[in-house]
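Visitor: structure for this input, please:
(one chain, ligands or ions: 1)
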Amino acid sequence: MKLWGGRFQKETDCLVEDFHSSISFDQRLYQEDITGSIAHARMLGKTGIIKETEAELLISGLAGIFKDIAAGEVEFDISAEDIHMNIETLLTKKVGAVGKKLHTARSRNDQVALDNKMYVKTAIKQVLAQLIILEETLLRLAEEHIATIMPGFTHLQKAQPITFGHHLMAYFQMFKRDYQRLQDAYVRTNIMPLGSGALAGTTFPIDREMVARELGFAEITDNSLDGVSDRDYCLEFEACGAISMMHLSRLCEELILWSSDEYKYIILDDAYSTGSSIMPQKKNPDVAELMRGKTGRVYGNLMSSLAMMKSLPLAYNKDMQEDKEALFDTVDTWKKSLLLMSPMLATMQVQKARMLRSTSGGFTNATDLADYLAKKGLAFRDAHHIVGSLVLKCVEEKRDLLDLTLVEFQECSSLIEADIYEAIAIESCVNRRTTIGGPAEKTVAEAIVKGWKWLENLS
Ligand code: ARG
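Guide: Below you'll find the model as predicted:
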């Protein structure tokens with residue numbers, strides 16, 4: 001018989017049973033469910049809603065069930081619908097009729113909201129820890145490559161020279177924002193909904209603050225309808241995941257490009273590449289590609305959750321059971337991706353000489369030549385025009401700006417003197433860009449120090 005079977009005269013259709021059961025996926029909430037139930041039982045005993053001895057029986061029974069599930073000794077029952085009712089059924093089997101008292105002053109609606117929030121809180125902490133590892137990896141690599149010159153790109157065309165360290169520090173900033181966004185989401189996830197009941201609280205003299213304290217929540221929710229029907233914290237987590245996966249996908253895309261024969265900027269370690277079943281010579285950046293691809297499903301999770309929540313009337317609706325698979329998939333995909341990104345970066349070989357060589361041939365110092373003229377008093381727009389014509393000449397003659405003779409330079413502008421060669425040497429193009437946030441070795445060193453300080457001051 002169903003736990004809610006009193007007013008029913010017929011069995012549930014077997015197709016319905018399969019359709020609405022969530023135990024196949026929500027069993028992953030067993031730890032949260034049992035921890036939440038133990039706190040609830042303790043509160044019921046403390047407030048005198050049930051006897052203290054009954055509460056103790058419930059608590060030890062729940063602890064036993066926890067052990068049984070963790071040991072893989074429990075087979076869940078699909079007809080008991082979900083993890084909450086499975087555990088309640090197991091409890092009554094274990095401790096007898098007193099097990100039926102656990103659900104006093106509680107509904108599955110506030111119970112599932114509690115479990116979900118506890119789950120998301122843990123997931124946030126895990127992702128934050130992984131983001132820190134990734135940030136440390138990026139800082140270490142940036143330190144190592146603070147003077148590794150490479151072309152910077154816009155429109156995927158060579159633009160101006162930068163360093164690989166500077167490029168990596170751009171990703172450091174992205175993952176720093178991901179961290180902060182998630183930290184902020186944690187604040188709203190850390191508000192306990194238990195006590196909202198089905199939708200309208202309860203007539204029992206429960207102590208919500210006590211439960212919140214025991215479970216480590218900072219606050220309790222202020223409205224019972226909202227307490228059971230809010231899934232913003234899932235959406236926020238999924239949105240944070242979508243944005244962070246977008247960052248990972250951009251880095252993956254670059255790793256894929258850089259490891260191609262056309263770029264040859266990096267060589268990915270064998271451990272993070274795979275071969276082809278037919279072409280013996282192949283070494284493919286599959287891990288980076290898959291991560292780029294999995295970004296799509298993390299976006300999908302956010303979209304399906306938003307669509308599921310759209311227009312739902314207050315308060316709980318069964319639609320909301322659909323929150324879990326999307327949430328779990330984002331947790332898994334995001335965590336697995338972060339876990340792989342750090343070692344994939346740390347083990348790659350950086351082809352410094354090739355990166356440096358790649359800065360020539362694309363006129364990456366053309367802006368510096370225009371700046372040189374502008375600093376000598378020419379309007380920048382006029383300087384731009386002069387340099388444009390010099391570039392055109394070089395393109396036609398298949399030469400580089402640095403190959404031009406002083407006479408050729410001076411034919412274009414009498415303002416150009418012998419110091420031009422130093423001024424537009426690739427290294428000085430980088431190291432003169434000392435704007436805060438710029439690519440010069442000195443400014444990147446400052447950014448790295450700031451990055452380490454930020455990491456040190458966390459939590
Ligand atoms: N399995 C349900 C869910 O995940 C639990 C809440 C069910 N509440 C209800 N009134 N049917 O959302």
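
Visitor: packing partners for the longest helix seen in the chain?
Guide: Using DSSP state H, we find that the single longest helix of the chain is helix 108-144. For helix 108-144, the elements it packs on are helix 30-46, helix 83-95, helix 164-189, strand 191-192, helix 224-229, helix 232-258, helix 323-347, helix 441-456, judged by 3 or more C-beta pairs under 8 Å, 6 or more residues apart in numbering; DSSP states H and E. For glycine as for every other residue, the C-beta is placed from the backbone atoms N, C-alpha and C.

Visitor: what sits against the residue lying closest to residue 204 once chain neighbours are set aside?
Guide: Distances taken as C-beta to C-beta, 6 or more residues apart in numbering put residue 105 closest to residue 204, at 3.8 Å, once the chain neighbours are dropped. Applying C-beta atoms under 8 Å, 6 or more residues apart in numbering, we find residue 105 in contact with 40, 44, 49, 195, 197, 202, 204, 206.

Visitor: switch to 6 Å and redo it
Guide: 202, 204, 206 (C-beta atoms under 6 Å, 6 or more residues apart in numbering).

Visitor: need those residues in JSON lines (columns: neighbour count).
Guide: Formatted as JSON lines, the contacts of residue 105 follow (neighbours: other C-beta atoms under 10 Å):
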{"residue": "202", "neighbour count": "18"}
{"residue": "204", "neighbour count": "15"}
{"residue": "206", "neighbour count": "22"}
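
Visitor: quick check, pLDDT for the residue nearest to residue 132 when sequence neighbours are not counted.
Guide: Spatially, and ignoring its direct neighbours in sequence, residue 132 is nearest to residue 455 (6.5 Å; C-beta to C-beta, 6+ apart). You'll see residue 455 listed with a pLDDT of 98.

Visitor: do residue 275 as well
Guide: For residue 275, the model assigns a pLDDT of 80.

Visitor: could you dump the helices and strands packed on helix 108-144 into a markdown table with mean neighbour count and distance to residue 418 added?
Guide: Converted to a markdown table, the helices and strands packed on helix 108-144 look like this (neighbours: other C-beta atoms under 10 Å; distance: least, C-beta to C-beta, whole Å):
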| stretch | mean neighbour count | distance to residue 418 |
| --- | --- | --- |
| helix 30-46 | 23 | 73 |
| helix 83-95 | 21 | 78 |
| helix 164-189 | 19 | 30 |
| strand 191-192 | 22 | 69 |
| helix 224-229 | 21 | 73 |
| helix 232-258 | 21 | 37 |
| helix 323-347 | 20 | 43 |
| helix 441-456 | 15 | 25 |
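
Visitor: need those in JSON lines with distance to the ligand, can you?
Guide: Shown next, in JSON lines, are the helices and strands packed on helix 108-144 (distance: least, C-beta to the nearest ligand atom, whole Å):
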{"stretch": "helix 30-46", "distance to the ligand": "10"}
{"stretch": "helix 83-95", "distance to the ligand": "6"}
{"stretch": "helix 164-189", "distance to the ligand": "17"}
{"stretch": "strand 191-192", "distance to the ligand": "17"}
{"stretch": "helix 224-229", "distance to the ligand": "9"}
{"stretch": "helix 232-258", "distance to the ligand": "11"}
{"stretch": "helix 323-347", "distance to the ligand": "6"}
{"stretch": "helix 441-456", "distance to the ligand": "37"}
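
Visitor: can you list these in a markdown table and add distance to residue 354?
Guide: As requested, the helices and strands packed on helix 108-144 are exported to a markdown table (distance: least, C-beta to C-beta, whole Å):
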| stretch | distance to residue 354 |
| --- | --- |
| helix 30-46 | 50 |
| helix 83-95 | 54 |
| helix 164-189 | 11 |
| strand 191-192 | 53 |
| helix 224-229 | 57 |
| helix 232-258 | 10 |
| helix 323-347 | 18 |
| helix 441-456 | 20 |
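
Visitor: and this protein, which residues reach the ligand?
Guide: Within the chain, the positions lying close to the ligand (C-beta under 6 Å from any ligand atom) are 22, 26, 82, 108-109, 112, 316, 318, 320-321.

Visitor: at 8 Å what do you get?
Guide: The chain comes close to the ligand at residues 22, 26, 81-84, 107-109, 111-112, 116, 198, 316, 318, 320-321, 323-324, as judged by C-beta under 8 Å from any ligand atom.

Visitor: in PyMOL, how would I select the buried members of those residues?
Guide: Of the residues of the chain next to the ligand, the buried ones go into a single PyMOL selection, burial set by 16 or more other C-beta atoms under 10 Å:
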select buried, resi 22+26+81+82+83+84+107+108+109+111+112+116+316+320+321+323+324
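
Visitor: in the stretch 301-450 of the chain, which spans are helices?
Guide: 323-347, 352-359, 366-375, 380-397, 406-412, 420-423, 426-431, 441-456 (DSSP state H, counting those that start in this stretch).

Visitor: need these in TSV (columns: distance to residue 159).
Guide: Formatted as TSV, these follow (distance: least, C-beta to C-beta, whole Å):
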stretch	distance to residue 159
helix 323-347	23
helix 352-359	10
helix 366-375	8
helix 380-397	13
helix 406-412	22
helix 420-423	18
helix 426-431	11
helix 441-456	17
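
Visitor: quick one: low-confidence residue ranges for the stretch 201-350 of the chain.
Guide: Counting by pLDDT under 70, the stretch 201-350 of the chain contains no low-confidence segment.

Visitor: residue of it with the smallest distance to the ligand?
Guide: residue 321 (3.6 Å; C-beta to the nearest ligand atom).

Visitor: again with the stretch 151-300 of the chain
Guide: Nearest to the ligand, among the residues of the stretch 151-300 of the chain, is residue 198, at 7.0 Å (C-beta to the nearest ligand atom).

Visitor: these two touch, right, that residue and residue 109?
Guide: Yes. Using C-beta atoms under 6 Å, residue 198 is in contact with residue 109, at 5.1 Å.

Visitor: quick check on residue 413: phi, psi?
Guide: Main-chain dihedrals, residue 413, degrees, to the nearest 10: phi -150, psi 130.

Visitor: so what's the residue count around the residue nearest to it when sequence neighbours are not counted?
Guide: Once flanking residues are discounted, residue 413 sits nearest to residue 386: 5.4 Å by C-beta to C-beta, 6+ apart. Residues lying near residue 386 (other C-beta atoms under 10 Å) number 18.

Visitor: same check, this time on residue 283
Guide: Count around residue 283 with other C-beta under 10 Å applied: 14.

Visitor: and the closest residue to residue 37 other than its chain neighbours, what does it touch?
Guide: Using C-beta to C-beta, 6+ apart and skipping the chain neighbours, the partner closest in space to residue 37 is residue 62 (5.5 Å). Residue 62 sits next to 34, 37-38 when contact means C-beta under 6 Å, 6+ apart.

Visitor: sounds good, over and out.
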